[in-house]
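# Provided below for reference: sequence and predicted model.
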Amino acid sequence: MTRDAPGWNRFAGVSRPVAAAVLALLALLMAWGAAGGVGRNHLAVAKPASGHFDGLAGDHALYARIAQRVAAGESYYTAAAAEHRRGHYPLRPFVTVRLPTLAHIVAAPGERNAVLLFLLTGGAAILAWYRRLRTESDLPRYAPVAALFVAANLTQLAAREWLYIHEVAAGVLLALALALYRPARPWAALALVAAALAIRETVLPVAMLFGLFALIDRDWRAAAGWLAVGLCFAGGLAAHIAAIAAVTNPADPASQGWHGQGGWIAYLSFVQASSILRFFEGWAAALLVPLALLGWAAWRSRLGLAVLLIQLFYAALLMLFARPANFYWAMLVTPTLFVGLALAPAALAGLVRSLLGRARPAA
């Protein structure tokens, strides 16, 4: 099969009703976003009473203060409880307190070296995506340009304040893991997903998906590896819960819950604020996010299916549960979301040809 053959494109040669349905859904999502007021009206930034520290504010300041106290030798959980109370942040339930991994990563080498570490990881993710897209023989020749989209959506790594946001650190590890994922050689992706999971527990669905793929493939070694990741995570989470219980009491404030239910417009707004689209008007997200999802849906491959399912899962999470102040949850997936834009033109062309009843020209 040549590089220009349509074998990778799930939408090449679909029936006319399917093409009409997909194009109608795409147009509906774009129109909904364009008319819905995507933008900052759907965002909020937490502003606690003691929310400033060394040029940082809100959640950035909270996690920076905790990391500083850990660097000074204090127990993570004692520091976290004290800083949550100081900033009037909730301490109940346990998920309101982040896992200690990122604080120790920043505290051990120091802030500057930690920034460099994540920048190097981001550079590795960009190169890995370029190589993956260049070596997938059936993709369009221009597909490797999508590595630039990965780079554009990892720019937060160069900003000091985002060092302390767990989704940024976990997101770059996920971006690298997805670029390296191959069913026959899952170990690099497994290690990177495990590292991301140690930073942010909301990465668990990704590990579960890859574990499910291993079971479907009857790759028992890989399945055992993913099971080991899950068991280690469960043990670590149990220890985390116990440690939080030891430093909190019933008088500590509880979270207001996660029931944002902002829907499609909130999701687009969160993606816009968490990606390179923050420099553009809301209509850019309204048009480009559906196209990116279409591109991922078109890629007939294990990786294409995996990323599509991951993007849709976190889109649902953001639409249903994220409050306006949780917009940065989207940073888990924005580094890889827009890779789909490189595949969207061929997906659209295939759909239009099917809708018009035209066969693809012979190569």
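Now that the structure is in, tell me what you want to look at. If you're wondering where the values come from, they're calculated on a predicted model, not measured in any experiment.
# so residue 308 touches residue 297, yeah?
Yes - in this structure residue 308 lies within contact range of residue 297 using CB atoms under 8 Å: 5.5 Å. All C-beta spots, glycine's among them, are computed from the backbone N, C-alpha and C.
# Looking at those two, which is more packed in?
residue 297 (22 against 19; other CB atoms under 10 Å).
# what's near enough to touch that one?
With contacts defined as CB atoms under 8 Å, 6 or more residues apart in numbering, residue 297 is in contact with 10-11, 304, 308, 340, 347.
# Go through the residues you listed and flag which are in helices.
In helices, judged by DSSP state H, the following of these are found: 304, 308, 347.
# now those in a markdown table, with distance to residue 127?
As requested, the ones in helices among the contacts of residue 297 are exported to a markdown table (distance: CB to CB, whole Å):
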| residue | distance to residue 127 |
| --- | --- |
| 304 | 20 |
| 308 | 23 |
| 347 | 26 |
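# between those, which is nearest residue 82?
Of all the ones in helices among the contacts of residue 297, residue 308 has the smallest distance to residue 82: 42.6 Å, by CB to CB.
# which residue sits closest to that closest one in space, ignoring its chain neighbours?
Nearest residue to residue 308, sequence neighbours excluded (CB to CB, 6 or more residues apart in numbering): residue 296, at 4.3 Å.
# Now the one you found. Its backbone dihedrals?
phi -70, psi -40 (degrees, to the nearest 10).
# ok, residue 215 - how many residues close by?
Around residue 215 there are 14 residues (other CB under 10 Å).
# now do residue 241
14.
# check contacts around it.
Neighbour list for residue 241: residue 94 [criterion: CB under 8 Å, 6+ apart].
# how does it look with 10 Å?
Shown in contact with residue 241 (CB atoms under 10 Å, 6 or more residues apart in numbering): 93-95, 97.
# and the helix or strand containing it, average pLDDT?
For residue 241, the host element (DSSP states H and E) is helix 220-247. Averaging pLDDT along helix 220-247 yields 97.
# Report the buried residues of it.
For helix 220-247, burial by neighbour count (16 or more other CB atoms under 10 Å) applies to 222-223, 225-226, 229-230, 233, 236-237, 240, 243-244, 247.
# Now the element after it, going C-ward?
helix 263-273.
# Give me the distance between that following helix and the centre of its chain.
How far helix 263-273 lies from its chain's middle: 13 Å, per CA atoms, centre = their mean, to the nearest Å.
# by contact count, what packs against that helix?
helix 16-35, helix 282-298, helix 302-320, helix 334-337 (3 or more CB pairs under 10 Å, 6 or more residues apart in numbering; DSSP states H and E).
# and among these, the most buried is which?
helix 334-337 (a mean of 29; mean count of other CB atoms under 10 Å).
# Identify the contacts common to residue 308 and residue 297.
Residues touching both residue 308 and residue 297 (CB under 10 Å, 6+ apart) are 10, 340.
# so who does residue 274 touch?
Residue 274 neighbours (CB under 10 Å, 6+ apart): 43, 153, 156, 165, 167-168, 171, 318, 327-335, 337.
# again, 8 Å this time
Neighbours of residue 274 in contact, by CB under 8 Å, 6+ apart: 327-328, 330-331, 334.
# And for residue 260?
Counting by CB under 8 Å, 6+ apart, residue 260 makes contact with 266, 318, 320-324, 326.
# Next, format those as CSV and append pLDDT.
Below are the contacts of residue 260 laid out as CSV (pLDDT from 0 to 100):
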residue, pLDDT
266, 94
318, 96
320, 95
321, 94
322, 91
323, 90
324, 90
326, 90
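# Go ahead and confirm residue 222 touches residue 186.
Yes - between residue 222 and residue 186 there is a contact at 4.8 Å, judged by CB under 8 Å.
# so what sits against both of the two?
Common neighbours of residue 222 and residue 186 (CB under 8 Å, 6+ apart) are residue 214.
# and the two most separated of the contacts of residue 260?
Every pair of those checked by CB to CB; the farthest is 320 and 324, at 13.8 Å.
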